[in-house]
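Chemist: I'll drop the sequence and a predicted model, then ask my questions.
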Amino acid sequence: MTPSTTRNASDDTGDGDRKLVVDGVIGVPAGIGEPARVGRAEAFDGWLRGLLPGREGIALIAVGGLGRRQCAPYGDLDLVLLHAGVAGVDELAASLWYPIWDAGVRLDHSVRTLAEALSVAQDDVKVALALLDARFVAGDRALADTLTRTATDHWRRTAVRQLPALREITDLRWRTHGELAFLLEGDLKEAAGGLRDVGILRAIATAGITDALRPAVRAAHLRLLDTRDALHQQVGRRVDRLVAQERAGVAALLGLRQPASEVADPGARAEAGDGDALLRRVAGDARTVSHALDDAWRAADRLRSGRRRGADGRPLRRPVARDVVEHDGELVLARTAIGARPDPSLSLRIAAAAATNRLPIARATCEWLAAYCPPLPAPWPPAARAAFITLLGAGPGLVPAWETCDRYGLVDGWLPEWTRLRSLPQHNPVHRFTLDRHLVQTAYEASRHTRDVERPDLLLIGAFLHDIGKGLDGDHSTVGAPLAEAVAARIGLPAEEAALIGTLVRLHLLLPDVATRRDLSDPKTIAGVAERVGDTTTLELLHALVLADATATGPAAWSGWKGRLIAELVARVRTTLDTGVVPAPPAPDPALVAGPLPVVHLTEDRVAVAAADRRGLLATVAGCLALHRLDVISADAATVDGRALVECRVQPRYGLAPDPIALSADLRRAVVGDVSVTQRLRGRALAARSGGAAPRVVWHREAATDAVLLELRAADAAGLLYRVACALDEAGAQVRAARISTLGGDVVDAFYLVGGWPSDEQRASVETAVLAAV
C-alpha cells in the first residue's frame with residue numbers, strides 16, 4: 001500500500017489486533033510474521049472477490065506476493081484479469097482497477113486471454129516465473145486452473161533451456177544491486193541472496209532439477225520476509241532497502257538484541273548493538289540463499305550438459321586426494337573413509353581438495369561430515385594443519401570452499417572463534433566485506449605473495465587471523481594478538497612461530513600508518529620501525545600482509561602513492577636491519593637548489609617548488625594545489641642556501657588532472673606574493689569550510705629527531721591543508737614536513753613542527769589556532 005494508507009485507533013492494541021485501513025474500504029492486518037502475511041492475503045482476497053462480478057469466462061488471478069500469500073504491510077498487488085475472449089472485458093477491467101487505485105493500493109495489472117498469457121510466458125522467462133506463483137482469487141476457477149496447470153507444465157518441460165537466460169538476467173541484477181550479505185544498506189529483495197533469488201530457487205525446485213528449498217533456505221526466507229515486514233512497518237511505506245537510520249527500529253520490532261557477552265556497555269551501545277544483530281542475521285540468511293542458488297545453478301548445468309559416464313554407463317569417479325573422489329563434477333568421500341571412527345582431519349582435507357581442484361563438495365558429503373566428523377584435538381594433528389595451510393593457500397578456490405564448509409557448520413568445528421566473527425559488519429565504508437569474509441579474502445590475496453616471503457605458511461595464517469580482535473573492546477591489533485597466538489598454538493605451530501603470528505597481528509597496521517603519517521626521511525622514524533619489527537623475516541611478512549589486507553579491504557584502501565610510500569619505508573627499514581645503520585635522508589632535488597627563482601617542477605603525482613625563503617610558503621603552495629583540485633598526500637619543506645623548497649605528492653580530487661600550464665603559472669605568481677592569487681585562495685578556503693565531527697589534535701613529543709609532531713584528526717574537506725598551514729604559520733610554527741592520510745571521510749594529518757615546543761601554553765595556542773582553522 002502507498003503512504004496514503006492510514007491507521008485506525010486499534011493500532012495501539014498490539015500487533016495481533018492492528019489493522020491498516022485504506023480510505024475506509026478494507027481492513028488489512030498489520031504485524032510481522034507468516035500469520036500476518038497470510039491474514040493480509042486473505043483480507044485482499046475477500047475484498048477483490050467483492051469487486052469482480054461472477055461471470056463465466058473471466059478469472060482474477062493473483063501473482064507476486066499476493067499469489068504466494070506473502071503480502072508485506074505496504075506491498076503492492078500483482079493481478080492478471082484472464083478471459084476467454086468475452087465481450088466487454090475492457091470495461092470490466094476498468095471497473096476492477098479503479099476501485100483499487102482509489103483505495104490507494106499500488107497495482108501492477110494486465111488483461112490477457114489464456115493463449116496470450118502462455119505466449120508471453122514462452123517469450124519472457126520473468127513472466128514464466130511469475131505464473132508459477134499464480135493463484136485463483138475470483139471468477140471462473142476452471143479457466144484459472146487451466147492457466148496455472150499449463151504454465152507449470154510448460155516450465156517443467158522447458159526450464160533447462162530457459163535457465164541460461166534467467167541466469168544472465170540474474171547476474172545483471174546482482175551487478176546492479178550487489179551482495180546483500182556484505183552491504184550495510186542492502187536491498188532485501190533485489191540484491192544477491194535476497195527475496196528475488198528465493199523465487200528463482202522456487203522455480204528450479206518446481207522444475208524438479210534439484211531440491212533447492214531445503215529447510216535452511218526456507219528458514220532464511222521466512223526471516224528475510226519478517227525483516228521486510230518490520231522495515232515496512234518501521235518506515236510506514238513500501239521500501240526494500242534497509243538503510244542505516246532504520247536498522248535499530250527494525251531490530252527492535254524483530255526483538256533482536258546483541259549478545260550480552262559482546263556488549264561492554266549495554267546502556268550506551270544498545271541501539272547500535274540491535275542494528276548489528278540485524279545486519280548479522282540478514283547477512284547469514286542472504287549467504288544461505290546465495291549458496292543454495294549456486295548449488296542449484298550447478299545442478300542445472302550438469303543436467304543440461306549431461307553426466308560424464310564411463311564404459312559401464314556409471315558416472316565417472318576420479319581420485320583427487322586421500323579419501324576424496326570426484327563424482328559427477330562434485331567431491332565426495334571415498335568409500336574407505338566412511339567408518340565408525342572418521343579421521344578428525346577429514347573435513348579439512350576435503351575442503352583443501354575442493355579449493356585446490358576448484359570443485360564443489362557434494363551436499364550429502366557436507367551433511368555427513370557435519371553429523372559424523374569428530375572435533376579436532378588440540379593441538380591439531382599434522383595432517384589437519386597441512387590441509388588447513390593448503391586450503392588457505394589455494395587461491396581462487398578458497399572462498400567458495402570455505403563458504404560451503406561454513407554453511408554446513410564445519411568451520412565452527414575447526415575454529416570455535418568463528419561464531420563471534422561470522423557476518424560481523426564493518427561500518428567503515430572502505431570495507432566491502434563482513435569481517436569473516438574479509439579474513440578469508442585476505443588469506444586468498446596473501447596467496448599471491450607466498451613466493452615473496454621466507455615463510456609462506458606463516459603469511460597465510462597471519463593474514464587469516466590479522467583482524468581476529470575486531471568486535472572486542474580496545475585496539476583490535478593489541479586485543480587480537482594473544483587470540484591469534486592461541487589459535488596458532490591450537491593449530492599446532494611451535495611456540496616461537498605462534499609468537500610470530502601474534503607479532504604479525506599486533507603490527508599489521510604499523511607499515512601503512514607510519515608510511516602515510518610520518519616523515520620517512522627522519523632517521524628516528526626508520527629506527528623506531530626497525531626496533532619494533534626486529535628482523536627482516538618479520539618485515540617481509542608484514543609487507544606482504546599489508547598488500548593482501550589492502551586488496552581484500554577494497555579499492556578505497558589502496559593507491560599507487562600509498563604503495564610507493566610503504567615500499568620506500570620497507571626498503572629503508574630493511575637497510576637498517578641488515579646493516580645496523582639508518583640510511584641518510586635523500587638529498588634535495590638538484591634542480592630546485594640551482595637556477596633563478598622561482599622554480600616549479602610538475603609531474604603526474606609530484607609538485608616541487610623553490611622560492612625565496614619566507615614564511616607561509618607551504619600554505620601558499622597547498623592552497624594553490626587545492627585551487628586546482630589536487631589533494632596533497634605528503635609535503636616536505638626545507639631551507640637550503642637561503643631558498644625555501646616545498647615538495648608535495650598529489651593526486652586529483654575528482655580523478656581529472658589539472659591543466660599543468662595554468663597550475664604552473666598560478667604557483668609561480670603565488671610564491672612571489674601575487675595578491676590576486678592570494679585572494680582567490682582565501683576565497684576558496686572560506687567557501688570550502690564545512691561541518692563534521694569535532695576535530696581533535698594529538699601531540700607526539702618523541703616521534704621525530706628535530707621536531708614535535710602535531711597530529712590533526714578531522715573531517716576531510718577541500719583546502720584543509722591550506723587552512724591549517726596558514727593557522728600554523730600565523731601561530732609562529734615552522735612546518736618542515738606534513739603527511740596527509742585520508743580514511744573514508746576523515747583525515748589524519750601529521751605536521752612536523754621545528755623545535756621542541758616544550759611550553760604547555762605555546763602548544764595550547766597552536767592547538768587553538770589549528771582547531772579554529774578546521
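Modeler: Everything's here; your move.

Chemist: What is the burial count for the residue nearest to Trp418 when sequence neighbours are not counted?
Modeler: Distances taken as Cβ to Cβ, 6 or more residues apart in numbering place Val411 nearest to Trp418, at 5.0 Å, with adjacent residues excluded. Every C-beta, even on glycine, is put in place using the N, C-alpha and C of the backbone. Per other Cβ atoms under 10 Å, the neighbour tally for Val411 reads 23.

Chemist: does Val411 sit in a helix or strand, and which one?
Modeler: helix 410-414 (DSSP states H and E).

Chemist: Repeat that for Leu709.
Modeler: Leu709 belongs to strand 707-715, assigned by DSSP H and E.

Chemist: With Ala252 instead?
Modeler: Using DSSP H and E, Ala252 falls in helix 244-254.

Chemist: Name the next helix or strand downstream of that helix, please.
Modeler: With elements assigned by DSSP H and E, the helix or strand that comes after helix 244-254 is helix 266-305.

Chemist: and that following helix, which residues are buried?
Modeler: 273-293, 295-297, 299-300, 302-303 (16 or more other Cβ atoms under 10 Å).

Chemist: now that helix: how far from the chain's centre is it?
Modeler: Taking Cα atoms, centre = their mean, to the nearest Å, the mean C-alpha location of helix 266-305 is offset from the chain mean by 13 Å.

Chemist: can you list contacts of the following helix or strand past that helix?
Modeler: For helix 266-305, the following helix or strand on the C-terminal side (DSSP H and E) is strand 317-321. Here strand 317-321 makes contact (Cβ atoms under 8 Å, 6 or more residues apart in numbering) with 325-327, 331, 334, 349-350, 352-353, 357, 359.

Chemist: likewise stretch 455-465?
Modeler: Counting by Cβ under 8 Å, 6+ apart, 389, 392-393, 439-440, 442-443, 445-447, 449-450, 453, 480, 483-484, 487-488, 491, 493, 497, 500-501, 504-505, 508, 537, 541, 544-545, 548-549 sit against stretch 455-465.

Chemist: Skip ahead from the strand holding Leu709 and say which helix or strand is next.
Modeler: Immediately after strand 707-715, counting by DSSP H and E, sits helix 720-730.

Chemist: Next SSE downstream of that following helix?
Modeler: Assigned by DSSP H and E, the successor of helix 720-730 is strand 735-743.

Chemist: Show me what that next one is packed against.
Modeler: Contacts defined by 3 or more Cβ pairs under 8 Å, 6 or more residues apart in numbering; DSSP states H and E place strand 735-743 against helix 510-517, strand 630-640, helix 720-730, strand 746-754.

Chemist: quick one, which of the ones you listed is packed in tightest?
Modeler: Mean neighbours per residue, mean count of other Cβ atoms under 10 Å, is largest over the helices and strands packed on strand 735-743 for helix 720-730, with a mean of 23.

Chemist: number of nearby residues for the residue nearest to Ala612 when sequence neighbours are not counted?
Modeler: Spatial nearest neighbour of Ala612, excluding adjacent residues (Cβ to Cβ, 6+ apart): Leu597 at 5.7 Å. Residue crowding around Leu597 was assessed by other Cβ under 10 Å; the count is 16.

Chemist: Report back the residue of this structure that's furthest from centre.
Modeler: Ranking residues of the chain by C-alpha distance from their mean position (Cα atoms, centre = their mean) puts Ala87 at the top, at 55.4 Å.

Chemist: got any ranges where the chain has weak pLDDT?
Modeler: Scanning the chain for pLDDT under 70 picks out 1-28, 258-273, 306-315, 678, 681-693, 743-744.
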